[in-house]
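Asks: How does the following fold in three dimensions:
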Amino acid sequence: MGINNLNKLILFIIIVFTVSSNFFAQTFEKKVTYRSITIKQFVLNNNITDHDFFFLNSSYSDNQSEFNSSDLDKIISIGSIIVLPVIEKNEVVNSMDFIIHKTKRKQNLSIVSNIYGISVETILKYNPGLPKKLLKGVQIKIPRNNFLLKSKSSNKVKLYKVKPREVKWRIAYKYGISISELEMINPNMGELLKMDENIIVPNKEEKDLNIIDKNKGYYEVKSKQKISVLEIKLGLKKNQIVKLNPNINNQNLISGMIIKVPAEIRKNVELINLESISLIENISNYNKKKLAVMLPFRTKNIDFDSIEKSRDIIKNDKLLNISLDFLFGIEIAVDYFSKYGIDVEVNIFDTGADKNIIHELIRKNDFSNYDLIIGPLTHDAFNYVSKSINNSNVKIVSPLSRTDLDNENIIHTIPSDNLLFDKMISYIKKDTIPSEKFIIADSYNRVISHKLKRIFPDAHQFFSRINDSGIDTRTMVYDSLDSTFVKGRNIVFLETKDQGFVSNITSILNSFVNDSTEIILTTTNKNRSFEGVNISNYHMSNLNFHYPSINRSIAENVQDKFIKKYNSRYNSYPSKYAIRGHDLVLDLLIRLSCGELDNNNLNLVESEYIENKFKYVKDNNGVYKNISAYIMKFEDLKYVEIE
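Replies: Now for the predicted structure:
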């Protein structure tokens with residue numbers, strides 16, 4: 001490959017870095033040298049200071065901030081990529097001065113471009129009609145000075161000491177550059193900034209810095225997004241976006257720039273979470289983390305000598321599949337967490353879904369030196385492990401099931417039924433639209449029905465039909481509810497664990513919905529009875545089904561990094577168990593690295609991931625409990641997060 005082709009290749013793969021806010025104009029750029037040149041001459045030609053050159057290109061001196069004069073005589077070889085500040089328009093006066101080059105024998109445009117250190121494209125720009133094959137004696141205009149500076153260049157960058165709780169996007173926003181550009185001028189910067197770490201930032205005074213408004217939201221612009229695209233994405237008008245970001249360039253939004261938006265932006269827009277990110281900002285414990293994961297693989301049932309038998313077992317063993325999915329999610333979470341420079345050791349223990357095997361695991365292994373024990377998955381197995389390991393310094397995590405134990409070393413990750421009940425009631429009470437309320441329940445849920453009646457005294461109560469033998473048929477007939485609902489909004493609580501009753505009631509309710517009568521179906525306990533082949537999704541969607549949930553559901557086309565990585569690695573879309581494993585373990589690792597899990601200030605921070613969110617509190621007995629949950633809605637045949 002010739003020099004000219006090599007340079008073209010280098011130019012092709014260079015990423016063009018640009019910036020955001022005050023800003024939204026390029027502050028730094030990468031430049032390819034087309035001929036060997038001394039640093040002294042390069043600095044002179046590009047009107048940058050020695051200080052800025054060595055700060056932005058640290059490989060050319062032994063000490064970034066204390067370079068020697070002899071370093072200026074070093075040679076920048078052809079094809080080198082140099083980072084330098086962009087000269088702002090208000091610093092230059094346009095002017096053009098040319099020299100005339102007369103071609104010699106066998107000279108082509110590539111040779112001429114290398115002689116003068118300018119690109120072939122620049123030569124062609126000022127010499128339209130120039131033939132592809134140059135003959136001897138052809139006169140070519142070569143631009144000598146593209147601009148004249150108004151004043152001598154000053155330092156454009158400086159060292160900055162990272163403050164507590166600062167992460168990349170905050171510093172980038174403050175100094176008016178994109179995250180990518182901050183990384184470009186700090187090539188050795190890790191994923192996680194450390195307090196008191198020195199990094200390079202634009203040389204701006206305090207008064208010129210951007211301030212983060214906690215009452216606003218912040219959005220990172222994606223690749224190829226223009227304001228017209230943002231209008232649709234954010235649900236905002238162009239003038240609203242420009243008002244919050246007055247110096248934005250209408251057409252040249254740059255990938256990675258941070259823009260300010262209203263805090264109450266659409267729920268499906270991924271804003272920078274000012275609260276959850278503070279967990280990462282508080283990371284201070286860089287010690288190796290050690291996790292024990294107890295899962296019921298039941299490998300003793302698998303005949304590894306028979307592929308056919310093993311395939312059938314793996315395919316049909318539901319508990320094994322849940323365990324594998326959960327483990328795959330953990331694996332990707334640990335991979336992701338490693339970017340913070342913290343080692344993680346994960347040891348997997350097969351509980352075999354057998355109490356005897358669990359007993360032997362505990363007897364033969366010392367779990368006292370683990371930071372966390374995650375699992376077992378099932379209720380009984382988890383309780384057995386919790387009772388057997390009494391060391392309060394080792395936290396035992398209940399990942400998929402609730403436990404009635406209140407040991408001080410247990411972390412309850414599943415919100416309680418009472419919390420979900422209260423969240424649903426709170427949401428209904430906040431509804432400002434006048435409505436009639438109705439409570440429908442079978443005889444097995446009379447306690448819940450009466451509890452709701454006490455909260456909403458004016459609500460109308462209905463119960464499933466009892467036959468002549470005194471048996472609850474878990475059905476109602478159309479006439480039982482005819483002429484019941486009013487014009488306007490009607491909120492119906494349905495409390496049951498019987499799928500047939502849900503099918504019966506939703507069918508009846510759906511027949512009453514019309515242009516003047518709105519029925520919103522809700523429940524305080526969304527269980528399996530609200531799913532299945534007997535339940536009409538159309539009915540549930542038409543009834544705007546609302547319910548409290550420990551997790552949200554995401555669409556399969558969501559382009560999340562975890563989902564992409566999972567699909568690439570395992571050639572399938574992750575199940576809710578894989579996502580749960582990822583979200584739960586990533587959050588716990590971050591919380592461990594913030595210090596101890598019993599730091600109440602940190603536990604009050606709510607963090608949110610792909611489908612799960614966490615906010616831990618300690619009750620009066622010192623028990624850790626997750627108090628985060630969602631309100632979901634089934635709308636247009638899709639699950640939508642509304643709170």
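Asks: Could you pull out the buried residues of stretch 504-524?
Replies: 504-506, 508-510, 512-513, 518-524 (16 or more other CB atoms under 10 Å). (Glycine included, C-beta is placed from N, CA and C.)
Asks: Could you do stretch 28-45 as well?
Replies: Using 16+ other CB under 10 Å as the test for burial, stretch 28-45 gives 28-30, 32-34, 37, 39, 42-43.
Asks: Return the residues in contact with A172.
Replies: Residues in contact with A172 (CB atoms under 8 Å, 6 or more residues apart in numbering) are 20, 178-179, 181-182, 258.
Asks: Swap in 6 Å and give it another go.
Replies: 178-179, 182 (CB atoms under 6 Å, 6 or more residues apart in numbering).
Asks: for L400, same thing?
Replies: L377.
Asks: swap in G190?
Replies: Going by CB under 6 Å, 6+ apart, G190 touches G341.
Asks: Also G622?
Replies: By CB under 6 Å, 6+ apart, the neighbours of G622 are E408.
Asks: ditto for the one 10 residues further on
Replies: When contacts are counted by CB under 6 Å, 6+ apart, M632 is found next to 547, 549, 639.
Asks: Let me know the pLDDT of it.
Replies: Here, the pLDDT recorded for M632 equals 91.
Asks: Check the gap between it and K125 for me.
Replies: As judged by CB to CB, to the nearest Å, M632 and K125 stand 58 Å apart.
Asks: Now do stretch 410-426: distance to the chain's middle.
Replies: Taking CA atoms, centre = their mean, to the nearest Å, one finds stretch 410-426 lying 24 Å from the centre of the chain it belongs to.
Asks: Please write out the alpha-carbon positions of that stretch in CSV.
Replies: Backbone C-alpha positions of stretch 410-426 (Å, rounded to 0.1, in the frame of the first residue of the first chain) are rendered in CSV as follows:
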residue,chain,number,x,y,z
ILE,A,410,-30.7,-11.0,54.4
ILE,A,411,-31.3,-8.6,51.5
HIS,A,412,-34.9,-8.7,50.3
THR,A,413,-34.8,-7.7,46.6
ILE,A,414,-38.5,-8.4,45.9
PRO,A,415,-40.8,-5.7,47.1
SER,A,416,-43.5,-6.9,49.5
ASP,A,417,-47.2,-7.4,48.5
ASN,A,418,-48.1,-4.6,51.0
LEU,A,419,-45.7,-2.2,49.2
LEU,A,420,-47.3,-3.0,45.8
PHE,A,421,-50.7,-2.6,47.3
ASP,A,422,-49.9,0.8,48.7
LYS,A,423,-48.2,1.9,45.5
MET,A,424,-51.3,1.1,43.5
ILE,A,425,-53.6,2.9,45.9
SER,A,426,-51.4,5.9,45.9
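Asks: Just give the closest residue to M294, not the sequence neighbours.
Replies: G375 (3.7 Å; CB to CB, 6 or more residues apart in numbering).
Asks: Touching, the one you found and L291? I think so.
Replies: No. At 10.2 Å, G375 does not count as touching L291 under the criterion of CB atoms under 6 Å.
Asks: So for these two, which sits in the more crowded spot?
Replies: G375 (25 against 21; other CB atoms under 10 Å).
Asks: and the more buried one, what does it touch?
Replies: With contacts defined as CB under 6 Å, 6+ apart, the neighbours of G375 are 293-295, 399.
Asks: Just the closest of those residues to S480, please.
Replies: Taking CB to CB as the measure, S480 lies nearest P399 of the contacts of G375, at 42.5 Å.
Asks: And the pLDDT at the closest one?
Replies: pLDDT, read off for P399, is 91.
Asks: Repeat that for N390.
Replies: Here, the pLDDT recorded for N390 equals 73.
Asks: ok, how many other residues are close to it?
Replies: Neighbourhood size, N390 [other CB under 10 Å]: 10.
Asks: Show me where the stretch 1-150 of the chain has its helices.
Replies: 3-13, 39-46, 50-56, 109-116, 120-126 (DSSP state H, counting those that start in this stretch).
Asks: winner for burial among these?
Replies: Comparing these by mean neighbour count (mean count of other CB atoms under 10 Å), helix 50-56 ranks first with a mean of 22.
Asks: Tell me how the chain divides into domains.
Replies: 214-274, 286-415+591-619, 418-549 (automatic domain parsing).
Asks: Lowest average pLDDT across those domains?
Replies: The minimum mean pLDDT among the domains of the chain belongs to domain 214-274 (a mean of 72).
Asks: Name the residues of stretch 341-348 that come out as buried.
Replies: Within stretch 341-348, the residues that count as buried by 16+ other CB under 10 Å are 342, 344, 346.
Asks: actually stretch 76-90, not the one I wrote
Replies: 76, 78-80, 82-87.
Asks: residues making contact with that stretch?
Replies: Residues outside stretch 76-90 that contact it (CB under 6 Å, 6+ apart): 10, 26-33, 35-37, 42, 46, 48, 52, 56-57, 156.
Asks: cool, stretch 571-583 as well?
Replies: 322, 325-326, 328-330, 332-333, 556, 562, 566, 609-612.
Asks: go with 7 Å
Replies: 322, 325-330, 332-333, 399-400, 551, 556, 562-563, 566-567, 609-612 (CB atoms under 7 Å, 6 or more residues apart in numbering).
Asks: Select only the buried ones of the residues you listed in PyMOL?
Replies: Selecting only the buried entries of the contacts of stretch 571-583 in PyMOL, with 16+ other CB under 10 Å as the criterion:
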select buried, resi 322+325+326+327+328+329+330+332+333+399+400+551+562+563+566+609+610+611+612
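Asks: just to revisit the earlier point, want to throw the contacts of G375 into CSV with distance to Y286?
Replies: As requested, the contacts of G375 are exported to CSV (distance: CB to CB, whole Å):
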residue, distance to Y286
V293, 22
M294, 27
L295, 28
P399, 25
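Asks: Tell me where the longest helix sits in this protein.
Replies: Counting by DSSP state H, the longest helix found in the chain is helix 318-337.
Asks: For that one, C-alpha coordinates in PDB please.
Replies: Output in PDB follows, covering the C-alpha atoms of helix 318-337 (Å, rounded to 0.1, in the frame of the first residue of the first chain):
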ATOM      1  CA  LYS A 318     -37.600 -25.400  33.600                       C
ATOM      2  CA  LEU A 319     -35.600 -24.800  36.800                       C
ATOM      3  CA  LEU A 320     -32.400 -25.500  35.000                       C
ATOM      4  CA  ASN A 321     -33.300 -23.100  32.200                       C
ATOM      5  CA  ILE A 322     -34.100 -20.400  34.700                       C
ATOM      6  CA  SER A 323     -30.800 -21.000  36.500                       C
ATOM      7  CA  LEU A 324     -28.900 -20.800  33.200                       C
ATOM      8  CA  ASP A 325     -30.600 -17.600  32.100                       C
ATOM      9  CA  PHE A 326     -30.000 -16.000  35.500                       C
ATOM     10  CA  LEU A 327     -26.300 -17.000  35.400                       C
ATOM     11  CA  PHE A 328     -25.900 -15.600  31.800                       C
ATOM     12  CA  GLY A 329     -27.300 -12.300  33.000                       C
ATOM     13  CA  ILE A 330     -24.800 -12.300  35.900                       C
ATOM     14  CA  GLU A 331     -21.900 -13.000  33.600                       C
ATOM     15  CA  ILE A 332     -22.700 -10.000  31.400                       C
ATOM     16  CA  ALA A 333     -23.200  -7.800  34.500                       C
ATOM     17  CA  VAL A 334     -19.700  -8.800  35.800                       C
ATOM     18  CA  ASP A 335     -18.200  -8.100  32.400                       C
ATOM     19  CA  TYR A 336     -19.800  -4.600  32.400                       C
ATOM     20  CA  PHE A 337     -18.800  -3.900  36.000                       C
END
